[in-house]
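Q: I need the structure of the sequence given here:
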Amino acid sequence: MIQERFEVVVEDGWCLDVLYLPATEPVRGVALLGHAMMVDRRSLDLPKGKGLASTLAANGWEVLLPDLRGRGASGPSAAQGADWAYDDLVRYDLPACVAAARQRFPGLPLVVVGHSLSGHVSAAAEGAGYYGQSPDAHVFFAVNMWAPSLEPLWWRRRLKGLAAWGLGVLVMLFGRFPSRWIRMGPVDEAATYMRDIVRFWTEDQWKSEDGSVDYQEGLAEVSGPVLAWIGVADRLLAQVDAARQWTDGLSSAPVDFRLVGRGDLGLAFDPDHMTLVTDERARPVWLETVRWLDQRLLGSSDGD
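A: Numbering: from 1, shown residues only. Predicted structure coming up:
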């Protein structure tokens, strides 16, 4: 498959590297794929050439894979001393990438496919009005937000609280979040960004740093159709009950919320937070995503 890379310069001057995977004809639309935290865009096409991104491209979707700031070719990285905030991703990175996608492929429907971080960042961006033209749809893989009010079980609240405390301690010790050192992922995260994640939990508020933008309230402004996937084996990071509580905030959007495990759609395993997008055995989920997009955006009765 021919691939192309290009740069998107965002409003605050950061340069984001975007990988383009061309669609197989006939072209259906544009899929902007956003990665999770502690990883980069490579996580969205594993195994390379056979993963989620390549599956979408092979089924008629022009695929754009940005590395958000601080990873891949969108450096400098946190390990190199760079810093950024959660608000930077919401206000600058994804809106710039969506605008670039609209400019590059005018007239085509556009869907943001967000894994974990990029899913809630895109929802926050739309809710805050940062998109010039909002995505026509969202597909969320393992997306939710950690906040005590969104966690129904006391013992998971306790566990998440301890995890948030640990995140804060590591940032204080290292001046960044050392994902690689503790083997949680290949990309270290910036100190300010991780403090924001901890703040969302400790203050039980998903808001901008200055408090002027309430991202949780903004979910009601997301209007396009949403497909939300949660894996049965995702027992903490995006556990189904907490994820459903978060997704319920999308009160103006038609939401198709799906919990998938062994036997569903022919799956031979129980997907967790990462394997929902990184394991080739999740291909039935990816193909069902194509069918859903065909139905919701293109009016097909059953997809191709």
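Q: buried residues in stretch 176-191?
A: 176, 177, 178, 179, 184, 185, 187, 188, 189, 190, 191 (16 or more other Cβ atoms under 10 Å). Backbone N, C-alpha and C define where each C-beta goes, glycine included.
Q: Return the subset of those lying in helices.
A: residue 191 (DSSP state H).
Q: Format the buried residues of stretch 176-191 as CSV; extra columns: distance to residue 264.
A: Shown next, in CSV, are those (distance: Cβ to Cβ, whole Å):
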residue, distance to residue 264
176, 38
177, 34
178, 36
179, 31
184, 28
185, 27
187, 31
188, 35
189, 32
190, 37
191, 40
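Q: what sits against the closest residue to residue 58 other than its chain neighbours?
A: Counting by Cβ to Cβ, 6 or more residues apart in numbering, residue 24 is the residue found nearest to residue 58 once chain neighbours are left out, at 5.2 Å. Contacts of residue 24 were listed using Cβ atoms under 8 Å, 6 or more residues apart in numbering, and they are 57, 58, 59, 60.
Q: just residue 33 next, same as before
A: Here residue 33 is in contact with 41, 44, 52, 53, 56, 63, 64, 65, 113, 114, 115, 118 (Cβ under 8 Å, 6+ apart).
Q: what about the fifth one, distance to residue 237?
A: Using Cβ to Cβ, to the nearest Å, residue 56 is found at 23 Å from residue 237.
Q: try the first one
A: Distance, residue 41 to residue 237, using Cβ to Cβ: 19 Å.
Q: Neighbour count: these two, which is higher?
A: Between residue 41 and residue 237, counted using other Cβ atoms under 10 Å, residue 41 has the larger neighbour count: 23 against 18.
Q: where exactly do the strands run in the stretch 151-300 of the chain?
A: Using DSSP state E, counting those that start in this stretch, the strands of the stretch 151-300 of the chain run over 176-177, 189-190, 226-231, 255-260.
Q: Residue 32 is nearest to which of these?
A: strand 226-231 (14.7 Å; Cβ to Cβ).
Q: May I have that closest one as CSV, with CA atoms only?
A: C-alpha atoms of strand 226-231 as CSV (Å, rounded to 0.1, in the frame of the first residue of the first chain):
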residue,chain,number,x,y,z
VAL,A,226,-21.6,7.5,17.8
LEU,A,227,-20.5,3.9,17.9
ALA,A,228,-18.9,3.0,21.2
TRP,A,229,-17.0,-0.2,21.6
ILE,A,230,-15.9,-1.7,25.0
GLY,A,231,-14.1,-5.0,25.5
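Q: To what extent is the residue lying closest to residue 11 once chain neighbours are set aside buried, counted in neighbours?
A: Spatial nearest neighbour of residue 11, chain neighbours left out: residue 92 (5.2 Å); criterion: Cβ to Cβ, 6+ apart. Counted by other Cβ under 10 Å, the residues lying close to residue 92 total 22.
Q: I'd guessed residue 92 sits against residue 9; true?
A: No - using Cβ atoms under 8 Å as the test, residue 92 is too far from residue 9 to be in contact (10.1 Å).
Q: anything in contact with each of those two?
A: Common contacts of residue 92 and residue 9 (Cβ under 8 Å, 6+ apart): none found.
Q: tell me the contacts of residue 9?
A: With contact set as Cβ under 8 Å, 6+ apart, residue 9 has these partners: 15, 16, 96.
Q: Give me the mean pLDDT for stretch 79-98.
A: If you average the pLDDT over stretch 79-98, you get 99.
Q: Tabulate the CA atom coordinates of that stretch in PDB.
A: The C-alpha atoms that make up stretch 79-98 are tabulated as PDB, following Å, rounded to 0.1, in the frame of the first residue of the first chain:
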ATOM      1  CA  ALA A  79      11.700  12.600  27.300                       C
ATOM      2  CA  GLN A  80      13.400  15.500  25.500                       C
ATOM      3  CA  GLY A  81      11.900  18.000  28.000                       C
ATOM      4  CA  ALA A  82       8.800  19.100  26.100                       C
ATOM      5  CA  ASP A  83       5.600  19.900  28.000                       C
ATOM      6  CA  TRP A  84       2.000  20.200  27.000                       C
ATOM      7  CA  ALA A  85      -1.500  20.200  28.500                       C
ATOM      8  CA  TYR A  86      -4.600  18.200  27.900                       C
ATOM      9  CA  ASP A  87      -6.200  21.400  26.700                       C
ATOM     10  CA  ASP A  88      -3.700  21.700  23.900                       C
ATOM     11  CA  LEU A  89      -4.900  18.400  22.400                       C
ATOM     12  CA  VAL A  90      -8.500  19.500  22.700                       C
ATOM     13  CA  ARG A  91      -8.100  23.100  21.400                       C
ATOM     14  CA  TYR A  92      -5.300  22.700  18.900                       C
ATOM     15  CA  ASP A  93      -4.300  19.200  17.800                       C
ATOM     16  CA  LEU A  94      -7.400  17.300  16.800                       C
ATOM     17  CA  PRO A  95      -9.200  20.400  15.500                       C
ATOM     18  CA  ALA A  96      -6.300  21.200  13.200                       C
ATOM     19  CA  CYS A  97      -6.100  17.600  12.000                       C
ATOM     20  CA  VAL A  98      -9.900  17.500  11.200                       C
END
